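Chemist: got a sequence here, can you model it:
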Amino acid sequence: MQLSSTLLPALLGLGTGLSLIVAIGAQNAYLLRLGVVAARRIMLPVVLLCAVSDAVLISAGTAGVGAVLQRAPQVLTVVRVIGAGFLLVYGFLAARRAVRRGGEGLVVTTDAGAGMPGRGIRLGGALGTVAALTWLNPHVYLDAVVFLGSIANQQAPDARWWWVGGAVTASFIWFFSLGFGARLLRPLFAKPLSWRVLDGLIAVVMVVLGLRLALGG
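Modeler: Predicted coordinates for the structure are as follows:
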């Protein structure tokens, strides 16, 4: 097999995957906040869950699951209703964090230890939240399964899975960069105002997306 028939599809998949995933959304907003406050032992399984979920969804779309979803829109309707409720609740909690005065955990230290606004974070809770933000979002099925799956199937038979490999690699690069790169922002979040601004932005993102889902957008 020639290099052009493997490398080029992989690079195209990488570029397409990054262009789709690098956007402000509920999952990315949550990962950004979690990456600032959580220890590496928590972030590693969280970002792995995000990346592996994308890999599963893109592969499923390439294998033909996207066509099945298009014939069963009621499945996405159920996901949309549940996802909208989850986003609205999480947005309300973020808004409450943004407006409260004082409170604990507004001083960032060098690790997720005493004094950090994430010292109460549990791995199970973080995994559950990111799983909900991923799998209860109907747009992830439309984007990863239907859209990316259809593009993958437009490739030549011997290049299709190389393209998928590139798209999956994009997910791993993005989630690991966001999850662990957020630690670089810790000095900024030594100020209480920074946390209020971040939580306010997260609240807006979550509520807007929740309302769009609730209204069928």
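Chemist: helices and strands around the helix or strand that contains residue 205, which ones?
Modeler: According to DSSP states H and E, residue 205 maps onto helix 192-214. Under the contact criterion of 3 or more CB pairs under 8 Å, 6 or more residues apart in numbering; DSSP states H and E, helix 192-214 touches helix 26-37, helix 73-99. Placement of C-beta: from N, CA and C, glycine included.
Chemist: gap between residue 212 and residue 80?
Modeler: 10 Å (CB to CB, to the nearest Å).
Chemist: of those two, who's got more company?
Modeler: The neighbour comparison of residue 212 against residue 80 (other CB atoms under 10 Å) goes to residue 80, with 22 against 14.
Chemist: and the gap between that one and residue 99?
Modeler: Taken as CB to CB, the span from residue 80 to residue 99 is 28 Å.
Chemist: likewise residue 198?
Modeler: Residue 198 sits 13 Å away from residue 99, taking CB to CB as the criterion.
Chemist: for residue 157, same thing?
Modeler: According to CB to CB, residue 157 stands 56 Å off from residue 99.
Chemist: so which of those two has more stuff around it?
Modeler: residue 99 (10 against 7).
Chemist: pLDDT wise, what is that one at?
Modeler: For residue 99, the model assigns a pLDDT of 83.
Chemist: that one: what's it in contact with?
Modeler: Residue 99 makes contact with residue 196, according to CB atoms under 8 Å, 6 or more residues apart in numbering.
Chemist: now it: how far from residue 21?
Modeler: In terms of CB to CB, residue 99 sits 31 Å off from residue 21.
Chemist: same question for residue 187.
Modeler: Distance of residue 187 to residue 21, given as CB to CB: 27 Å.
Chemist: helix, strand or coil for residue 158?
Modeler: Applying DSSP: H, G, I helix; E, B strand; the rest coil to residue 158 yields a three-state assignment of coil.
Chemist: begin at 406 from now on, thanks
Modeler: Shifting the count to begin at 406 puts that one at residue 563.
Chemist: count the residues that sit near it.
Modeler: 12.
Chemist: any weak-confidence spans in this protein?
Modeler: Flagging of the chain using pLDDT under 70 yields the residue ranges 406-410, 471-475, 477, 480, 506-525, 622.
Chemist: most centrally placed residue in the chain?
Modeler: With distances taken as CA atoms, centre = their mean, residue 432 lies nearest the centre of the chain, 3.2 Å away.
Chemist: now distance to residue 550 too, for the helices and strands packed on helix 597-619, in a markdown table please.
Modeler: Below are the helices and strands packed on helix 597-619 laid out as a markdown table (distance: least, CB to CB, whole Å):
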| stretch | distance to residue 550 |
| --- | --- |
| helix 431-442 | 16 |
| helix 478-504 | 10 |
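Chemist: quick check: which of the ones you listed is buried the most?
Modeler: Highest mean neighbour count of those: helix 431-442, a mean of 22 (counted as mean count of other CB atoms under 10 Å).
Chemist: so which elements touch that one?
Modeler: When contacts are defined as 3+ CB pairs under 8 Å, 6+ apart, helix 431-442 sits against helix 445-467, helix 478-504, helix 528-540, helix 565-586, helix 597-619.
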